[in-house]
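**Student:** fold the stuff below for me.
(one chain, ligands or ions: 1)
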Amino acid sequence: MPDASNPSPIAPTVTSRLWTAGASGGVASAVLLAVAALHPHHAPVLLGGVAAVVFATWMVSRPRVRVAALPAAPASDAPSAAAAPDPGLLDAAFEALTDAVLVVSGGEPDDIAGRRVVLANRAARDLLRIQRDGAILVSVLRDPLVLEAVDEALFGGLERTVDWTGVRDRHWQAHARPLACGGDRPLAILILRDDTDVRRMELMRVDFLANASHELRTPLASLSGFIETLKGHAKDDPKARDRFLDIMSAQADRMGRLVADLLSLSRIELNEHIPPSGRVDLARAVTDVVDALSVLTQEKEIDVVVGGADAAPIRGDRDEIVQVIQNLIDNAVKYSPRGGRVEIEVMAGLSGDEAVAARMGASARLPLLTPERDASTRHAVFIVRDHGPGMEREHLPRLTERFYRVEGQKSGGDRPGTGLGLAIVKHIVNRHRGGLAVESAPGQGTVFTAFFPLAEDRRASGPEAPTL
Ligand code: ADP
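**Tutor:** Now for the predicted structure:
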């Protein structure tokens, strides 16, 4: 229906609607009056009809929506307001810029003290500690590369961007550009943009690629070495051949594990900001993983003891939760001596403080990931304890770094780790808004604790969906 406040281009205008209704009503009334004049004995009925037509016409054409009239801007004001914003607004916008921005005027090209700061926004004043307008540029910024870029903008009309490792251990990009303002002194604008975080990310990416290729290169080089040996002097030695083929197979497995871990890490990182929507029983997932690892644990004669809650529902992605449990139990088994003991416990309904409480005696304890605190949140907690070699305190903060391994740590088997397991654990726990903590001491073993917010009881939030 056409609405006066939001007129549709195809809706009839109000005047045309009134005209149409009025004209139709008028014609109908005239016809009825003419018939009444010709047949006076029907006049009362026909006059009633005329009254009905007049009433209907009024109903149709009466104004239906009352629209509050907005004061119309004077036609002459509109274009000038758009073309010339309030000068105070420009100043405020300049002040509010997060990049440091300076306008520099140049004197004589060979007079270094002639470069003056004629304008500087708040970010620039704070960064360079500029006290007043007209400060000498070289007294607030001494970097020769940046000064040269400003000179080129002032006297050469050139635009330049240079790096500046100026203050506060941060990294900046300095961008100088000539400003054409028509005065007698040349002007240039200098913009200093903090790109420390971008650089750090870039360095991390380069580091990661270097580490990943180094990790892959080692088993690859060993494979090529053995292939050469098998083609050469070991060709006719069946015993040596079998031994080498076993080693080659282990190296190929290692490469496979590395690639699988790298892929799963990148997949998890991609989804990290999207909270999972499924529902998983942590206790059930632990039992499943323990069953799946039983071959491995029996092979190493590890006694695995599982205890605690029978059910601990959390909101989560089942595959990812299984991966967390598997990586942590796998480490406990891997770093336990043959015939050792691994204790696993699941608890439900713990507060944040209870979840990270100390579980070993005199050991170093460190949160590796702390979720946002909410006193009312209850948690499902998964704890795995081994009695392996343990670790010195200094290693604990670095455990979730990619490819970090404790030097000299023996995994007690032919399955050396990739150094990615705990990095994967941390990213998954983070996606699930959970927390992770470690306790360890040399010679006393290690405890890892992962905890997740308990899933709210569905019965509390509404009626259960009908089961089909
Ligand atoms: P890896 O695949 O090498 O085990 P992780 O990321 O899972 O990689 O672990 C990183 C390092 O932390 C391991 O190389 C090992 O040195 C140390 N570590 C992890 N878990 C334990 C544990 N339960 N006991 C002793 N050291 C451990």
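**Student:** and R185, what element?
**Tutor:** Remark: R185 resides in no helix or strand, with elements defined by DSSP states H and E.
**Student:** now the most centrally placed residue in the chain: phi and psi?
**Tutor:** The residue lying closest to the centre of the chain (Cα atoms, centre = their mean) is H273, at 4.9 Å. Phi and psi for H273, reported as degrees, to the nearest 10, are phi -80, psi -10.
**Student:** residues near the closest residue in space to it that isn't next to it in sequence, how many?
**Tutor:** Among residues not flanking H273 along the chain, R431 sits closest, at 7.9 Å (Cβ to Cβ, 6 or more residues apart in numbering). Quick note: C-beta positions are derived from backbone N, CA and C, even for glycine. Counted with other Cβ atoms under 10 Å, the neighbours of R431 add up to 19.
**Student:** correct me, but R431 touches Q323?
**Tutor:** No: shown here, R431 and Q323 do not form a contact pair, counting by Cβ atoms under 8 Å, at 11.3 Å.
**Student:** would you mind listing what in the stretch 351-468 of the chain touches the ligand?
**Tutor:** Residues of the stretch 351-468 of the chain found near the ligand (Cβ under 6 Å from any ligand atom) are 386, 388-389, 391, 399, 404-406, 409, 417-423, 446.
**Student:** switch the cut-off to 5 Å
**Tutor:** G388, L399, R405, V406, Q409, G417, T418, G419, G421, L422, T446 (Cβ under 5 Å from any ligand atom).
**Student:** any idea which element the first one lies in?
**Tutor:** With elements taken from DSSP H and E, nothing contains G388; it lies in neither a helix nor a strand.
**Student:** and the gap between it and L141?
**Tutor:** 56 Å (Cβ to Cβ, to the nearest Å).
**Student:** would you agree L119 falls within a helix?
**Tutor:** No: L119 is assigned strand when assessed by DSSP: H, G, I helix; E, B strand; the rest coil, not a helix.
**Student:** domain map for this protein?
**Tutor:** Listed by automatic domain parsing, the domain ranges of the chain are 14-61, 85-194, 196-274, 276-468.
**Student:** need the winner for burial among these.
**Tutor:** The highest average neighbour count among the domains of the chain, using mean count of other Cβ atoms under 10 Å, belongs to domain 276-468 at a mean of 18.
**Student:** show me what contacts the residue in the stretch 1-150 of the chain that the ligand sits nearest to?
**Tutor:** Closest residue of the stretch 1-150 of the chain to the ligand, Cβ to the nearest ligand atom: T98 (37.4 Å). Residues in contact with T98 (Cβ atoms under 8 Å, 6 or more residues apart in numbering) are A123.
**Student:** just the pLDDT at it, thanks.
**Tutor:** T98 carries a pLDDT value of 93.
**Student:** phi, psi of it?
**Tutor:** Residue torsions, per degrees, to the nearest 10, at T98 are phi -80, psi -20.
**Student:** against T229, how distant is it?
**Tutor:** Plainly put, T98 is 61 Å away from T229 if you go by Cβ to Cβ.
**Student:** if anything else comes up later, I'll come back, but that's it for now.
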